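>>> Pasting the sequence and the predicted coordinates here, then a few questions.
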Amino acid sequence: MSPVLSEADRAFFDQNGYLVVRQLIPSEQVDAVVDAIWNFLEFDRNDPSDWYRNPHRVNGMVEMYHDQALWDVRQNPALYELFRELFGRDDLWVYIDRANLKPRPSEAHSEYDHHGMVHWDIDVRETPTPFLVQGVLYLVDTKQGEGGFQCVPGLHRRAAQVSAGISDQDLRHQQLHERFPGQIGPPIEVEANAGDFIIWHSALPHGNSRNCSDNPRLAQYVRMFPADPADEELR
């Protein structure tokens with residue numbers, strides 16, 4: 001397979017901590033995941049009034065993990081190649097992650113108006129900072145203000161310094177830019193289209209943003225990491 005990343009891509013990722021890989025996943029796989037999400041939730045995609053009930057979580061997370069459409073994306077050769085190039089090794093395991101559907105705002109269901117988050121998924125106080133990456137597949141075209149990925153570019157390079165001495169509770173804070181405004185700047189929202197894949201360094205403060213549009217935001221999360229056959233619990 002041809003390389004996924006160019007030298008410019010690698011330089012951008014190293015500097016900013018994230019990268020948008022355009023049209024990495026084919027439309028037929030994207031559409032299959034979209035269908036799977038609507039079917040799993042048992043929502044009428046053409047009736048917005050039907051989008052605000054169980055089993056959907058108010059933060060937009062869709063607790064589906066093993067639909068074949070999700071596995072087809074996880075096993076996509078180009079996606080594996082992307083992670084392989086960043087890790088520089090072939091033996092990778094895939095994390096069993098979920099999907100996201102963030103509906104349009106509704107006055108009748110204000111609890112679903114999730115304002116987004118900026119957080120860490122790893123303990124960045126560890127030095128040296130471990131190299132771990134994770135990503136999100138955009139299932140629909142998503143502009144700013146439509147609930148997509150947001151991050152604080154470049155902060156992965158200072159994560160250990162910024163987080164030194166903070167408590168476990170603060171480390172798990174979901175609004176880091178508000179908790180530490182002098183150290184963690186405001187996030188930027190990253191626009192991308194259906195089939196684009198955003199990958200980021202796990203030490204980068206990140207999350208999803210508020211959906212202020214009339215369109216639902218749909219996405220699938222994917223993460224790979226170096227295999228460790230000796231770790232029986234993880235296996």
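Nice, I can see it.

>>> Pull out the buried positions in stretch 184-191.
Neighbour counts using 16 or more other Cβ atoms under 10 Å place 184, 187, 189-191 of stretch 184-191 among the buried residues. Every residue, glycine included, has its C-beta placed from N, CA and C.

>>> Then stretch 218-235?
218-225.

>>> Dump stretch 147-156 to PDB, keeping only the CA atoms.
Taking Å, rounded to 0.1, in the frame of the first residue of the first chain, the C-alpha atoms of stretch 147-156 are listed here in PDB:
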ATOM      1  CA  GLY A 147     -20.500  19.800  17.000                       C
ATOM      2  CA  GLY A 148     -17.300  18.400  15.500                       C
ATOM      3  CA  PHE A 149     -13.800  17.800  16.900                       C
ATOM      4  CA  GLN A 150     -12.100  20.600  18.800                       C
ATOM      5  CA  CYS A 151      -8.600  20.800  20.300                       C
ATOM      6  CA  VAL A 152      -5.900  23.100  21.600                       C
ATOM      7  CA  PRO A 153      -3.200  22.800  18.900                       C
ATOM      8  CA  GLY A 154       0.300  22.300  19.900                       C
ATOM      9  CA  LEU A 155      -0.400  21.800  23.600                       C
ATOM     10  CA  HIS A 156       0.600  18.100  23.500                       C
END
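
>>> per-residue confidence averaged over it?
The average pLDDT within stretch 147-156 is 97.

>>> Give me the contacts around that stretch.
Stretch 147-156 is contacted from outside by 15-18, 60, 102, 114, 116, 118, 129, 136, 138, 142, 162, 176-177, 184-192, 198, 200-201, 203-211, 213, 217, 219, using Cβ atoms under 8 Å, 6 or more residues apart in numbering.

>>> Give me the distance between the longest helix along the chain and the centre of its chain.
Ranked by residue count under DSSP state H, the longest helix found in the chain is helix 27-41. Distance, stretch centre to chain centre, for helix 27-41: 17 Å (Cα atoms, centre = their mean, to the nearest Å).

>>> which two from the buried residues of stretch 218-235 end up farthest apart in space?
Spanning the widest gap among those are 218 and 225, at 24.6 Å by Cβ to Cβ.

>>> got a list of what residue 27 touches?
Contacts for residue 27 (Cβ under 8 Å, 6+ apart) come out as 194-195.

>>> what about the residue most central in space within the chain, helix or strand, and which?
Centrality entry for the chain: nearest residue to the mean C-alpha point is residue 136, 3.8 Å, by Cα atoms, centre = their mean. Taking DSSP states H and E as the definition, residue 136 sits inside strand 133-138.

>>> what are the pairing partners of whichever helix or strand comes after that strand, and which direction each?
Once strand 133-138 ends, the next helix or strand along the chain (criterion: DSSP H and E) is strand 149-151. According to DSSP bridges, strand 149-151 forms sheet pairs with strand 188-189 (antiparallel), strand 206-208 (antiparallel).

>>> on that earlier part again, for the following helix or strand past the longest helix of the chain, which helices and strands make contact with it?
Beyond helix 27-41 on the C-terminal side, the first helix or strand identified by DSSP H and E is strand 61-62. For strand 61-62, the packing partners by 3 or more Cβ pairs under 8 Å, 6 or more residues apart in numbering; DSSP states H and E come out as helix 27-41, strand 99-102.
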